[in-house]
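> got a sequence here, can you model it:
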Amino acid sequence: MIENWSDAEGRSLHGLLEEAAGDIVIKLDARGFIVHASANAADLGFDPAELLLMPHICELADPEHIQAVDRFASQVLAGEAGNSSFEFPVSLCSEKDTCPSAGQCAYGGHQRWYRLTLRPLHAEGGAILGAIGLMRSVQHLRTLESELHARATTDALTGLANRRAFTASLARCIEQPRDRARSGKPAILALFAIDRMRAIFMQYGQDTLDEFLWGFAKFLETMVRPGDVLGQLDAERFGVILPGTTQREAQDWAEDVLRTFAALALPSSARMPHVAASAGLAAVEHSVDLTLRQAELGLVIARAAGGMQVGRALDHRRAPARSTEAMELGANRTFGVAASGR
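This next block holds a predicted model:
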C-alpha cells in the first residue's frame, strides 16, 4: 500500500494509470446515474467537465441496447448480477438524441463496442450505495470476429457466399415449407458453370481462368432478383436460390442469364475464346444433398447436350412417394436417356 501520498499526488497517479490502461473509470449512484467519470470518458462522446447533470449509464448505449444495459446495471445495483461484465456498443454521435440511425449515421457518428465491468459499493451496514466500473474498448475484437466470420463464409476470389454459407441458406429454405405453401410456388435451385473450363485452363492458365470466374460472379450479381440467394459452391459452380418461383419462370430466367452472358462475353479478338455457360435446375425440397444432386445432374445434362443450355433432371415432385435411393436411380436413368439422345 502506498502511504504518505497527498490527494493531489493520488489523483495524478490515478490519471497515469487510466492513461496506461486506456480504461474509462466510472462511478454510479444507487439509481445507475454516473456521478464520476475519468477524463478519458470524452472517448464516449461526452466531456464530464462540461456537464452539469451526468447521464444514466444506459444512455451511453446504442438505442437498440439501452434496455439491456439498464437491466444489467439494475442487477448489479441490486446485488443480483452473477456476471458483472457486459458488452454493448456506444453510439459516438454528437447528435445522439436526434440521430435517426444506429451504427454509421447521417451525422457522421459510429459505433464502438465496450466491455462494462461493474462492482457494487457497499456501505458499512451492507446496503449498496452505487457501483464503480471500468469500460474497456473491445472494438478490435469485434472487428476481428467480423473479419473471421467473413473469411469463413465467403469465397476469397469472388467475395460471394461460399458453399458452407450457401448450403445453410438452402437448408433454411427447405425447412420453411409454410412460406412456399403460402406463396403457392416452390423454391428452385439453379446451378451455373462456365463451359469448357478445363480447356480454358489448359490453354490460358489459372490466372485467366480466375478472371473469367470473377467476371461471371459479378455478372450473376447483376442478374439475381431481390430475394434471390447467390453463392459459389466450388471453384467451378455457382448457385442461385430462387424463392417463390415456378419451374417455367426459373427456366425463362436461367435462359435469359445464359443468353445475356454469351452476348457480353463475345471475344474481342480471334485469339480469345468464346465463353458461354450452362445451368441446371432442381426444386428445393427433401434435403440439401438431394436438391444439389438434382441440380448438378441438370447441369451435366445441359453440358452433355452441347452447353449454353438449361438442363433439368427428373421432377420427383410429380413422382409417387419412394425412397431416396429409388429417386436417385430414377435421376440416373433420366440422365442416361438425355445423354444417349444427344
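> low-confidence regions, the protein specifically.
For the chain, applying pLDDT under 70 flags the ranges 1-21, 46-52, 81-83, 92-109, 145-151, 153, 177-185, 266-273, 314-342.
> where do the helices of it begin and end?
Ranges of helices in the chain, per DSSP state H, are 7-21, 66-77, 139-153, 163-174, 177-183, 197-204, 206-223, 247-264, 288-304, 324-340.
> who's in contact with His65?
His65 sits next to 88-89 when contact means C-beta atoms under 8 Å, 6 or more residues apart in numbering. Glycine gets a C-beta too; all of them are placed from N, C-alpha and C.
> again, but for Leu258
276-279, 308-310.
> would a markdown table of the residues you listed with neighbour count and distance to Arg198 be doable?
Formatted as a markdown table, the contacts of Leu258 follow (neighbours: other C-beta atoms under 10 Å; distance: C-beta to C-beta, whole Å):
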| residue | neighbour count | distance to Arg198 |
| --- | --- | --- |
| Ala276 | 17 | 14 |
| Ala277 | 27 | 14 |
| Ser278 | 25 | 14 |
| Ala279 | 28 | 18 |
| Met308 | 19 | 16 |
| Gln309 | 21 | 18 |
| Val310 | 23 | 21 |
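> report the two members of these separated by the largest distance.
Ala276 and Val310 (12.2 Å; C-beta to C-beta).
> what bridges to Pro89?
Note on Pro89: beta-bridge partners Trp113, judged by DSSP bridges.
> coming back round to it: now, the contacts of Leu258 that are in strands?
277-279, 310 (DSSP state E).
> nearest to Ala61, of these?
Using C-beta to C-beta, Ala279 is the member of the ones in strands among the contacts of Leu258 that lies nearest Ala61, at 48.0 Å.
> for Ala131, what are its contacts?
Ala131 makes contacts with 27-28, 73, 76-77, 118-121, as judged by C-beta under 8 Å, 6+ apart.
> rebuild these as a markdown table, extending it with distance to Ser137 and neighbour count.
Output for those, formatted as a markdown table (distance: C-beta to C-beta, whole Å; neighbours: other C-beta atoms under 10 Å):
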| residue | distance to Ser137 | neighbour count |
| --- | --- | --- |
| Lys27 | 19 | 16 |
| Leu28 | 19 | 25 |
| Ala73 | 19 | 23 |
| Val76 | 20 | 25 |
| Leu77 | 24 | 22 |
| Leu118 | 17 | 24 |
| Arg119 | 19 | 12 |
| Pro120 | 24 | 20 |
| Leu121 | 24 | 16 |
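> how about these in CSV, adding distance to Gln232?
Output for the contacts of Ala131, formatted as CSV (distance: C-beta to C-beta, whole Å):
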residue, distance to Gln232
Lys27, 53
Leu28, 50
Ala73, 45
Val76, 47
Leu77, 51
Leu118, 46
Arg119, 49
Pro120, 52
Leu121, 55
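> okay, now Ala42: neighbour count?
When neighbours are counted by other C-beta atoms under 10 Å, Ala42 registers 14.
> still on that earlier bit, looking at the contacts of Leu258, which is nearest Glu211?
With C-beta to C-beta as the yardstick, the closest approach to Glu211 among these comes from Ala277, at 14.9 Å.
> quick one: that closest one and Phe192 touch, right?
Yes: here Ala277 reaches Phe192: they are 5.6 Å apart, a contact under C-beta atoms under 8 Å.
> which neighbours do these two share?
The contact lists of Ala277 and Phe192 share 216, 257, where a contact means C-beta under 8 Å, 6+ apart.
> give the contact list for Val35.
Contact partners of Val35, counting by C-beta under 8 Å, 6+ apart, are 27-29, 54, 130.
> among those, which ones are in strands?
The members of these that map onto strands under DSSP E are 27-29, 130.
> out of the residues you listed, what pair is the most spread apart?
Lys27 and Asp29 (8.0 Å).
> which residues are in contact with Ile24?
18, 37-38, 40-41, 43-44, 114, 134-136.
> apply 10 Å and report the result again.
Ile24 makes contact with 18, 37-44, 60, 114, 116, 133-137, according to C-beta atoms under 10 Å, 6 or more residues apart in numbering.
> Ala193 too?
Here Ala193 is in contact with 213, 216, 233-234, 236-238, 277-280, 296, 299-300, 302-303, 307 (C-beta under 10 Å, 6+ apart).
> against Phe219, how distant is Gly307?
17 Å (C-beta to C-beta, to the nearest Å).
> wait, isn't Glu255 in contact with Val310?
Yes: using C-beta atoms under 10 Å, Glu255 is in contact with Val310, at 5.5 Å.
> for burial, what's the neighbour tally of Gly231?
The number of residues packed near Gly231 is 26, by other C-beta under 10 Å.
> any idea how far it is from Phe201?
Counting by C-beta to C-beta, the gap from Gly231 to Phe201 is 22 Å.
> got the ones in strands among the contacts of Leu258 as TSV, with distance to Ala68 columns?
TSV is the format used below for these (distance: C-beta to C-beta, whole Å):
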residue	distance to Ala68
Ala277	48
Ser278	51
Ala279	46
Val310	50
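> which of those lies closest to Phe86?
The nearest member of these to Phe86, counting by C-beta to C-beta, is Ala279 at 49.5 Å.
> which residues does that closest one bridge with?
Residues in beta-bridge contact with Ala279 (DSSP bridges): Phe192, Val310.
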